[in-house]
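Colleague: Quick check, what structure comes out for this input:
(one chain, ligands or ions: 1)
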Amino acid sequence: MSVIDLNRLTLRRGERQILQGVDLHVREGEHWVLLGRNGCGKTTMLEMINGYLFPTTGTVDVLGNRYGTVDLREVRKEIGYIGASLIEKFTLRDPVWEIVVGGLNAYLRIYQEVSPEARDKAFHELERIGFAHMADQPFGTLSQGERKKVLLARTMMADPKLLILDEPCAGLDLYEREKFLSALEELSSRKMSMLYVTHHIEEIVPLFTHVALMADGRIVAAGAKKEVLTPELLRSAYDVNISVQWQDERPWIRVGKG
Ligand SMILES: Nc1ncnc2c1ncn2[C@@H]1O[C@H](COP(=O)(O)OP(=O)(O)OP(=O)(O)O)[C@@H](O)[C@H]1O
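Modeller: Coordinates of the predicted model:
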């Protein structure tokens, strides 16, 4: 099955052409990373996949739904989204398990009684990330990396078929970044595709199968990660001399002169 099909997407804002004909095809079982310089259009593309933004021209199909012809609220139930500003939306004094259980209905706060099944699932999701002992702790007492992992557990409450992550490791130290990436690796055994935006190529851990490189509102390369993460293609997208070394099935970047 096709998870994401973006066909010739364009987006115009005034005189500016933000997306200039974007094609992306994600199939079941694939996990994609989206790379590209600041302002190249990554977040804009994610907003379209989430149905928060509509293209000027082109079509968006997600999980077999053609946007514009379906109830987007129904499609969104199958999409987990961890965006850059999501963490700020939660109340810091709420206990961790309540933040997680809210993922079932995408509530930011719980106003209704929680069913025993939902509570059990929340504790199970916390257990899976090794946080069962933190269930009653206020969210605000957790480190940034722990908060991100809690948001992952929250997203998993709804068993999404597509998980979108927009720079989830931004601001995390090396230890917390690696912990977060390990938690993601754990999730990769589930029947779910991931689309991961980052500025850090070394975050492309083995779970990721494909990479799309964006520049100036276009996808300039897309495919199996080893075919896309070449010095030539990276140089064309970033305008920097780069060499890539693969170690432990992860790409590591060196920036050269000239
Ligand atoms: N409503 C708008 N009107 C005009 N320009 C916009 C609008 N929304 C976004 N842009 C521009 O579109 C471009 C793409 O923005 P986008 O946020 O998608 O980039 P990005 O690749 O996610 O960047 P970053 O890596 O910095 O997060 C930017 O130059 C931004 O200024």
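
Colleague: Tell me the bridge partners for the spatially most central residue of the chain.
Modeller: The residue lying closest to the centre of the chain (Cα atoms, centre = their mean) is Leu165, at 1.5 Å. Counting by DSSP bridges, Leu165 forms beta bridges with Ile82, Tyr196.

Colleague: residue contacts, the residue of the stretch 51-200 of the chain found nearest the ligand?
Modeller: Of all residues in the stretch 51-200 of the chain, His199 sits closest to the ligand, at 6.5 Å by Cβ to the nearest ligand atom. All C-beta atoms are positioned from the backbone trio N, CA, C, and that covers glycine. Neighbour list for His199: Leu35, Asn38, Glu167, Ala170 [criterion: Cβ atoms under 8 Å, 6 or more residues apart in numbering].

Colleague: TSV for these, including distance to the ligand and neighbour count?
Modeller: Listed next are those as TSV, based on distance: Cβ to the nearest ligand atom, whole Å; neighbours: other Cβ atoms under 10 Å:
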residue	distance to the ligand	neighbour count
Leu35	10	26
Asn38	3	6
Glu167	7	17
Ala170	10	14
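
Colleague: out of those residues, which are inside strands?
Modeller: Leu35 (DSSP state E).

Colleague: Of all pairs in the contacts of His199, which one is the farthest apart?
Modeller: Farthest apart among those by Cβ to Cβ are Leu35 and Ala170. That separation is 14.0 Å.

Colleague: Check whether Ala212 really touches Leu24, as I assumed.
Modeller: Yes: between Ala212 and Leu24 a contact is recorded at 5.9 Å, counting by Cβ atoms under 8 Å.

Colleague: Need the overlap of contacts for these two.
Modeller: With Cβ under 8 Å, 6+ apart, Ala212 and Leu24 have common neighbours Trp32, Ile219, Ala222.

Colleague: just how off-centre is stretch 230-239 within its chain?
Modeller: Its chain's C-alpha centre and that of stretch 230-239 lie 23 Å apart, by Cα atoms, centre = their mean, to the nearest Å.
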